[in-house]
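[1] mind folding the following:
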Amino acid sequence: MTGDLLRLTVLGSATPYASVDNPCSGYLVSGGSARVWVDAGSGTLAQLQRHVRLDEVDAIWISHLHADHSADLLTAYYAALFADIRLAAPIPLYGPPGIADRLAHFLTNTSARSPIESAFAVHELEDGHRARVGGLTLTSRAVAHGIPAFAVRIETEGRSLVYSGDTAPCANLTRLAEGCDALLCEAESAQAPAQGEQVHHTPEDAGDTAGAARAGRLIVTHVGPSLTPEQAVARASARFDGPVDYAAPGVTFSIG
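    Next comes the predicted model:
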C-alpha cells in the first residue's frame with residue numbers, strides 16, 4: 001500500500017490508437033494509501049498489472065467515453081467477474097453520465113442486461129463533483145471537448161496533480177489547476193482548427209494553461225501523430241517558464 005507521497009505512473013499516452021510501445025491514455029495515481037486508475041484507454045489494463053492487480057485498485061476515474069480513454073473498462077469487466085480476480089466489492093467507477101449503460105450496451109449479448117454493477121460501483125460525474133478515495137481527494141470539473149468530458153484535481157497531504165483529460169483551453173481547467181504541483185495536460189493538436197470547434201490543446205495552449213494556472217510543472221501527454229514528443233515539449237516550453245516533461249509510457253513522476 002502506498003504512503004502519503006503522490007505519484008503518477010504513465011500506463012500509456014498514445015492517441016488515437018495504441019502504438020507498438022505505447023498504449024492509449026491511462027495513468028496510475030498513487031498516494032494517501034490509495035491507488036486510482038485514471039483513464040482506461042486501450043492497452044492500459046495490461047500495463048496496470050505491472051504495478052497493481054485490478055482487485056487492488058481503490059477506484060477508477062474516466063474523463064470521457066472516447067475509446068482511447070475508456071475501452072479497457074470492457075476487458076476489466078471480464079477480469080473482475082470471470083477470471084482469477086475475486087473482488088471484495090465492486091470497484092468504485094467515476095465517469096461521465098451514462099457510462100454504465102454505455103458499457104452494458106456493448107457487453108450485453110442476450111435479453112438480460114450484463115451486470116455492470118457487479119464489477120463497478122458507478123458514480124456519475126458532474127461539474128464540481130468531489131470524492132474521497134482513501135487519503136486522496138478527487139475534484140472534477142467539466143471541460144470543453146464537444147461531448148461530456150471532465151478534468152480532475154487529485155490532492156493529498158498538500159500535494160496536487162491536475163489531469164486535463166481531453167479538452168480545448170477553458171476557464172474550468174485553468175481554475176481547477178490553480179497553484180497545482182503538476183499539470184498533466186494533453187497536447188494533441190499541432191495547431192488549432194481554422195474552422196469549427198476546438199476540442200484539444202496545442203503544445204502552446206498547454207504551456208499557456210500551465211502558466212495561467214501557476215502550475216509548478218507541466219507534463220504534456222496525449223501527443224497526436226502529427227507531433228513528436230520532443231516537438232511538443234519544446235513548443236510548450238516556449239510558453240511556460242517551469243519544467244516541462246513528456247508523459248512517456250512506464251515513467252513514474254513524484255508530485256510535489
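[2] going forward, measure contacts and count neighbours with C-alpha atoms only.
    OK.
[3] from His105, how far off is the residue of the chain most remote from its centre?
    Most distant from the centre of the chain: Ser111, at 33.1 Å, with distances by CA atoms, centre = their mean. Per CA to CA, to the nearest Å, Ser111 is found 11 Å from His105.
[4] likewise for Gly134?
    31 Å.
[5] same thing with Arg235?
    Going from Arg235 to His105 by CA to CA gives 41 Å.
[6] before we move on, what about Val233?
    On the measure of CA to CA, Val233 and His105 end up 39 Å apart.
[7] residue contacts, the closest residue to Thr156 other than its chain neighbours?
    For Thr156, ignoring the flanking residues on the chain, the nearest one in space by CA to CA, 6 or more residues apart in numbering is Leu136 at 5.1 Å. Contacts of Leu136 were listed using CA atoms under 8 Å, 6 or more residues apart in numbering, and they are Gly31, Gly32, Ala34, Ile154, Glu155, Thr156.
[8] and Leu136, what are its bridge partners?
    Val133 (DSSP bridges).
[9] quick revisit: so which of Val233 and His105 has more stuff around it?
    Val233 (24 against 13; other CA atoms under 10 Å).
[10] can you tell me which residues contact Pro225?
    Pro225 neighbours (CA under 8 Å, 6+ apart): Thr15.
[11] now do Ile91
    Asp55, Val57, Asp58, Ala59, Ile60, Ala119, Phe120, Ala121.
[12] quick one, phi/psi of it?
    Main-chain dihedrals, Ile91, degrees, to the nearest 10: phi -70, psi 130.
[13] roughly how far apart are it and Val133?
    For Ile91, the distance to Val133 - CA to CA - is 11 Å.
[14] tell me, what's touching the two both at once?
    If you check Ile91 and Val133 against CA under 8 Å, 6+ apart, the residues they both contact are Asp58, Ala59.
[15] and Thr209, which of the three is it?
    Of the three states, Thr209 takes helix under DSSP: H, G, I helix; E, B strand; the rest coil.
[16] which parts of the stretch 101-250 of the chain are strands?
    120-124, 130-133, 136-142, 150-156, 159-163, 182-186, 218-221, 244-246 (DSSP state E, counting those that start in this stretch).
[17] export the ones you listed as CSV, with columns for distance to Gly98 and mean pLDDT.
    Output for the strands of the stretch 101-250 of the chain, formatted as CSV (distance: least, CA to CA, whole Å; pLDDT from 0 to 100):
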stretch, distance to Gly98, mean pLDDT
strand 120-124, 8, 98
strand 130-133, 18, 98
strand 136-142, 15, 98
strand 150-156, 14, 98
strand 159-163, 21, 98
strand 182-186, 24, 98
strand 218-221, 26, 98
strand 244-246, 32, 98
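[18] and the pLDDT for the closest residue to Thr209 other than its chain neighbours?
    Nearest non-adjacent residue to Thr209, counting by CA to CA, 6+ apart: Thr174, 6.0 Å away. pLDDT, Thr174: 98.
[19] can you check Ala192 too?
    On the pLDDT scale, Ala192 is placed at 89.
[20] quick check, it in contact with Thr202.
    Yes - look at Ala192 against Thr202 with CA atoms under 8 Å: they come within range, at 6.6 Å.
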